[in-house]
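Student: next come a sequence and a model predicted from it.
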There are 4 protein chains.
Amino acid sequence: MVAPVRLIGIPGSLRKDSFNRKLLRAAQELLPPETSLELFELAGIPPFNEDEETEPPARVRELRSTVRAADAVLFGVPEYNYGVAGVLKNAIDWGSRPRVESCWNGKPVACVSASVGMLGGARAVYQLRQSFVFLNMRPINLPEVFVSFAPQKFDSVGRFTDEAGRKVLASLLAELVQWTRELRGEPAMAP
Amino acid sequence: MVAPVRLIGIPGSLRKDSFNRKLLRAAQELLPPETSLELFELAGIPPFNEDEETEPPARVRELRSTVRAADAVLFGVPEYNYGVAGVLKNAIDWGSRPRVESCWNGKPVACVSASVGMLGGARAVYQLRQSFVFLNMRPINLPEVFVSFAPQKFDSVGRFTDEAGRKVLASLLAELVQWTRELRGEPAMAP
Amino acid sequence: MVAPVRLIGIPGSLRKDSFNRKLLRAAQELLPPETSLELFELAGIPPFNEDEETEPPARVRELRSTVRAADAVLFGVPEYNYGVAGVLKNAIDWGSRPRVESCWNGKPVACVSASVGMLGGARAVYQLRQSFVFLNMRPINLPEVFVSFAPQKFDSVGRFTDEAGRKVLASLLAELVQWTRELRGEPAMAP
Amino acid sequence: MVAPVRLIGIPGSLRKDSFNRKLLRAAQELLPPETSLELFELAGIPPFNEDEETEPPARVRELRSTVRAADAVLFGVPEYNYGVAGVLKNAIDWGSRPRVESCWNGKPVACVSASVGMLGGARAVYQLRQSFVFLNMRPINLPEVFVSFAPQKFDSVGRFTDEAGRKVLASLLAELVQWTRELRGEPAMAP
C-alpha cells in the first residue's frame, strides 16, 4: 500500500492549440501507479502587481490553493523569444508572494516543453530552473523532455504521437513521482 | 550638428513605487546631449495570447508603435524569483509577434535594474540578454547598472541618490547613445 | 548516534592567495557536528582530452577516487569573465568521464564563491548549477554564499572576517549536511 | 575594392576527431569574398594561474598575438556537461588577462557548435555569450549553428555533409564578416 501522489500540471500558454497543453494531456495517459495529474489553466490570471499581492484576484487565489494541495508540480513550458513565456513566469510570480506564503515552497517539480524549433523549449526550461533555486522548489535532474519540431509530433486531434518521446515522458513522470516519494521519506516502490 | 536620439524607457513593473521606474526617471536627468527619454508604462497590457497576436488590444498596439518610433530601448528590469518579471517578459512577447513585424528588431538596447537584494537584478538582466539574441536587438556590453539594496539608494520622494550609481548610469546612457549612432553609421560626437 | 558526513571541498583556482580557497578554509571552522571537510587542490590536473579519458593522469585518478569517497561536494567557485573558471570546469569535465563512471553522479553539492566585484561570483555559480543537471548532482537551494568585494573581507593572514558572511556560510554547511542525510534516508538530527 | 577580413577560428577541444574542429574546417570552404579563416589549436595551453598572468607560457603568448592580429573570432564550442568545455574557457581566461591587455576586447565574434545530442551545444554557447559581455566582444545574433546528432553529419573523412547545415554556416560567416565591416565603419558590400 502506498499513498497516492497528486500532480498539478500547469500549461504555460493561453493559446487554444498549445503544444505544451497537449503534452501535459499526453502525460495524463502515461502516469505511474497511484498517481493523478490535474491541469490548472492560467486564463484569468492578470499581470502581477506587487501592490495587490495580499489581496489578489480570485483566480490567483485558486492557483495558490491548488498548488498547495498538490504533492508536486509539472510545468508545460512555452519558450518565447529564447526565454520563459511571460504568461507562465507571471503566474509563478503571483504564486510566490508574499514570500512566506509562497505556494511553490518545497514542491518537487519537473518541466516539459515543446516548440516548433530544434531546441524544444530548452532555453526556457533552464531559465526556470534558476527560479526554482529562489522558490525552493526541488527539480528532478533527468530525463528531460524537450519536444522539437512540435508540429510533426502531434496528430490532427492533438495527440502526442512521437513514440520515443512518449517513452521519455513516461520516464520523467516516474522519476518525478519517485523523487516526490523520496523527499517525503517513503521507501521506493517495488518495480 | 547631430541628429537627435530618441530613447524609449520601459519600467518592467506595475508597482506604484517601483524602484526600476525611479531609476528610469533618474536616467531622464542624466542624458547626453541631443537625447530624449520617454517612458512607456505596461499597465493595460494583458497576458499574451498567440491567438490574438494579429488583432491585439489597443495598449499593445501603442507599445509596438512607440517602440518602432524610438531609436533605442532602455529597460528597467525587475527581478522576481531570480528571473525576469513576468510582466515585462509578457510585454516583450507581445511586441515580438508576428515575428516579421517585431517592434524590437534591430534596436539598440540597454538594461538597468534595481532590487532589494545584493545582486541588483543581475540574474534577470542576463536572461533578457538571451532573449535579445532571438529578438535581434543590439545590447551594449558595459557598463552595467545593477542597483543593490535599493531601499537605501532612493530618498523619500523617490530620487536615486547614490552618487556613484548616478555616474555609472550616466556612462551607460552615453554608451547606449554612442552605440546607437555608431550602428546608424554616424561619426562619433566630439567629447 | 549518527553516521558522519565527509565533505570534499574543491577550490577552483590555482592562485596561491585565492579567496575561494580561503573561503573553504573558513568553512572548515564552521562545520556542523559529525562533519569533516577536506580540500582537494586542482594543481596537476591537465587540460581535458577525451582521447585520454580512460587512461587519465594520476592526479585525475586521485580526483575521481577522492570525490567518490566523499558524501557531498563543496565547490569554491571563481568567476572569470562572467563564467566558471576554466580550471574548475576542466576538472569537472575530467571527473565526469566516461559518463557511466562519473564521480559526481548523485552527489549532494553546494557552491560558495568570492570575487573582487559586487556579485561575488554569482554568475559562475548559476552556470555550474546547469551542469549539475546533466551530472545528476543534487544541489541545495538556499542559502547562497556570494562574497562580494572580497579584498575587504579577508584579513592579512587570509581569514574570512565578515561576521554576517560567516553566519550564512555556517547555515549553508548545515543545510548541505542535512540535505545529504535526508537523501541517504536518515532522520533529521535533533537541533 | 574592399579591405580583407581575417578570421581566427578556435576549436575548443583537444580531441583528435573533434566535431567542432571539423565544423571550423567546413567554414574554411564557405567563406564570403575577401575573407580568410585560420585555425588556432589549444594544445599546449596549460591551466590558467593568475599568479603567472604577466609571464605566461609561450603558447599563451601566441594565442594572444594571433587573436589580436585577427579582425574577428569564430569559436568552435564543445559542450561538456551542459556548459562550456573547460579547455576552451581556460584559453579565454588566459587571453583576457591582464584585463587592460585582453586580446578579446572589442572583437566581433560568432560561435558554432556540434554535439552528439539533440541541442548541438546550444547550452554552452549561451554561457559564452554571457562572457562576451565582460570581455566586450561583439557577437552576431543570428543565424546560429548548432549541429545536433553530429556523428550523422560528418562523413568518414571528417567532412561536414549536412547540406542544410552548410547553408546556415555560410550565412553565419557572411553575417560575421558583414558585422565586422559595419563595426569598422565600412559600407556594406554590394551583394
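Tutor: It's in. Numbers count the residues shown, from 1 in each chain, chains lettered A, B, ... in the order given.

Student: near chain C, which residues of chain A are found?
Tutor: A:126, A:129-130, A:132-134, A:136-139, A:141-142, A:144, A:182-183, A:185 (Cβ under 8 Å from any Cβ of the partner chain). Where you see a C-beta, it was placed from the backbone N, CA and C, and this is true even at glycine.

Student: find the nearest non-adjacent residue to A:Tyr126, please.
Tutor: Nearest residue to A:Tyr126 in three dimensions, chain neighbours excluded: C:Gln130, at 5.8 Å (Cβ to Cβ, 6 or more residues apart in numbering or on different chains).

Student: list the residues that contact A:Lys16.
Tutor: Residues near A:Lys16 by Cβ atoms under 8 Å, 6 or more residues apart in numbering or on different chains: B:Asp51.

Student: go again with 10 Å.
Tutor: A:Lys16 makes contact with B:Asn49, B:Glu50, B:Asp51, according to Cβ atoms under 10 Å, 6 or more residues apart in numbering or on different chains.

Student: A:Pro78 now?
Tutor: Contacts for A:Pro78 (Cβ under 10 Å, 6+ apart) come out as A:11-15, A:18-21, A:84-88, A:113-115, A:121, A:124, B:48, B:50, B:93.

Student: and the strands in chain A?
Tutor: Using DSSP state E, the strands of chain A run over residues A:5-11, A:35-39, A:72-76, A:79-80, A:83-84, A:108-114, A:138-139, A:145-147.

Student: adding distance to D:Arg159, mean pLDDT and mean neighbour count, write those strands out as a markdown table.
Tutor: Below are those laid out as a markdown table (distance: least, Cβ to Cβ, whole Å; pLDDT from 0 to 100; neighbours: other Cβ atoms under 10 Å in any protein chain shown):
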| stretch | distance to D:Arg159 | mean pLDDT | mean neighbour count |
| --- | --- | --- | --- |
| strand A:5-11 | 43 | 98 | 23 |
| strand A:35-39 | 47 | 98 | 17 |
| strand A:72-76 | 40 | 98 | 26 |
| strand A:79-80 | 33 | 98 | 26 |
| strand A:83-84 | 36 | 98 | 30 |
| strand A:108-114 | 33 | 98 | 27 |
| strand A:138-139 | 40 | 98 | 20 |
| strand A:145-147 | 29 | 98 | 25 |
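
Student: make CSV from these and add distance to D:Ala27 to it.
Tutor: Listed next are these as CSV, based on distance: least, Cβ to Cβ, whole Å:
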stretch, distance to D:Ala27
strand A:5-11, 41
strand A:35-39, 46
strand A:72-76, 38
strand A:79-80, 28
strand A:83-84, 29
strand A:108-114, 31
strand A:138-139, 37
strand A:145-147, 27
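
Student: for D:Ser148, see how far away A:Ser96 is.
Tutor: Applying Cβ to Cβ, to the nearest Å, the value for A:Ser96 to D:Ser148 is 35 Å.

Student: sorry, wrong one. I was asking about A:Arg184.
Tutor: Distance of A:Arg184 to D:Ser148, computed by Cβ to Cβ: 38 Å.

Student: can you check A:Asn141 too?
Tutor: Separation of A:Asn141 from D:Ser148 (Cβ to Cβ) stands at 21 Å.

Student: same check, this time on A:Lys107
Tutor: A:Lys107 is 32 Å from D:Ser148, by Cβ to Cβ.

Student: what's near enough to touch A:Val109?
Tutor: So A:Val109 contacts A:7, A:72-75, A:128-129, A:132, A:135, A:137-140, A:176, A:179-180 (Cβ under 10 Å, 6+ apart).

Student: how does it look with 6 Å?
Tutor: For A:Val109, the contact set (Cβ atoms under 6 Å, 6 or more residues apart in numbering or on different chains) comprises A:Val73, A:Met137, A:Pro139.

Student: now, among the residues you listed, which is nearest to C:Glu62?
Tutor: Of all the contacts of A:Val109, C:Glu62 sits closest to A:Pro139, with 31.8 Å by Cβ to Cβ.

Student: quick one, helices of chain A?
Tutor: In chain A, the segments counted as helices under DSSP state H are A:19-28, A:58-69, A:86-95, A:122-135, A:163-183.

Student: and the residue nearest the centre of chain A, what does it touch?
Tutor: Centroid check for chain A by Cα atoms, centre = their mean gives A:Phe75 as the closest residue, at 1.4 Å. With contact taken as Cβ under 6 Å, 6+ apart, A:Phe75 is in contact with A:Ile10, A:Cys111.

Student: and it, how far from A:Leu119?
Tutor: Distance of A:Phe75 to A:Leu119, given as Cβ to Cβ: 17 Å.

Student: may I have the distance across stretch A:21-39, first residue to last?
Tutor: 9 Å (Cα to Cα, to the nearest Å).

Student: buried set for that stretch?
Tutor: Of the residues in stretch A:21-39, A:Arg21, A:Lys22, A:Leu23, A:Leu24, A:Arg25, A:Ala26, A:Ala27, A:Leu30, A:Leu31, A:Thr35, A:Leu37, A:Leu39 count as buried by neighbour count, 16 or more other Cβ atoms under 10 Å in any protein chain shown.
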